[in-house]
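Peer 1: fold the following and give me the result.
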Amino acid sequence: MKTAHARLLGNGHRFRIRSGSGHAVTVDNAEGDTGARPAELLLMALATCTAMDVISILRKKRQPVDRYEVSVVGEQRSGHPAAFEHIDVEHVVHGAVEPEALRRAIELSATRYCAVSATLSSGVTQIDHRYRLVADGALLEADVCRTGPYRSPERTELHAALAG
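Peer 2: This next block holds a predicted model:
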């Protein structure tokens, strides 16, 4: 189980996000511009997830990597929700690496090992949305909706918008 916790900082849209492993990231919108945007974090997660897989596989295959970079570019829908419709991932490797070893390492990451790639490309993620409201010493809790393939038969506005 992985966890993340976001806390609002000030009056704008800046949040401090802490992972379950104790690491923190600042996220903001374009107005405040003090951190990455949430959608950018998805692309950053994809880039590092696949990069870690690929470099691990290449090292196990004893491929001599001198330098390695991954670039990710995502196209979002123009309307809301601005879901990613297409993402390009480019691996740039310097060294006397065998092309087939590199191809296979990327393929294994994309199809077997990278959790971020699997989640973004599969469409199998179920997300339950709920809240806890604390006001005047009282606690109110409620489930709001479920998005993803296992939602109730009624289509949510999100899924209707994504379907076009």
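Peer 1: output the contacting helices and strands for the helix or strand hosting residue 54.
Peer 2: Secondary structure assignment for residue 54, by DSSP states H and E: helix 38-60. In terms of contacts (3 or more C-beta pairs under 8 Å, 6 or more residues apart in numbering; DSSP states H and E), helix 38-60 is packed against strand 24-27, strand 65-76, strand 84-95, helix 99-108, helix 115-122. In this view, the C-beta of every residue, glycine as well, is placed from N, C-alpha and C.
Peer 1: to residue 4, which of those lies closest?
Peer 2: strand 24-27 (9.2 Å; C-beta to C-beta).
Peer 1: pLDDT on that closest one, on average?
Peer 2: Averaging pLDDT along strand 24-27 yields 97.
Peer 1: so which bits of stretch 60-76 are buried?
Peer 2: 63, 68, 70, 72, 74 (16 or more other C-beta atoms under 10 Å).
Peer 1: that's a helix at residue 22, yeah?
Peer 2: No - Residue 22: not assigned to a helix; according to DSSP: H, G, I helix; E, B strand; the rest coil it is coil.
Peer 1: what is the burial count for it?
Peer 2: By the criterion of other C-beta atoms under 10 Å, residue 22 has 6 neighbours.
Peer 1: pLDDT at the spatially most central residue of the chain, what is it?
Peer 2: In the chain, the centroid-proximal residue (C-alpha atoms, centre = their mean) is residue 42; its distance is 2.9 Å. On pLDDT, residue 42 comes in at 95.
Peer 1: what separates it from residue 87, distance-wise?
Peer 2: Distance of residue 42 to residue 87, computed by C-beta to C-beta, to the nearest Å: 9 Å.
Peer 1: do the same with residue 17
Peer 2: For residue 17 relative to residue 87 (C-beta to C-beta), the value is 22 Å.
Peer 1: can the helices and strands packed on helix 38-60 go into TSV with extra columns for distance to residue 137?
Peer 2: Shown next, in TSV, are those (distance: least, C-beta to C-beta, whole Å):
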stretch	distance to residue 137
strand 24-27	30
strand 65-76	41
strand 84-95	42
helix 99-108	53
helix 115-122	39
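Peer 1: the ones you listed: lowest mean pLDDT?
Peer 2: helix 115-122 (a mean of 90).
Peer 1: what's the angle between that one and helix 38-60?
Peer 2: 120 degrees (axes from the mean of the first three to the mean of the last three C-alpha atoms, to 10 degrees).
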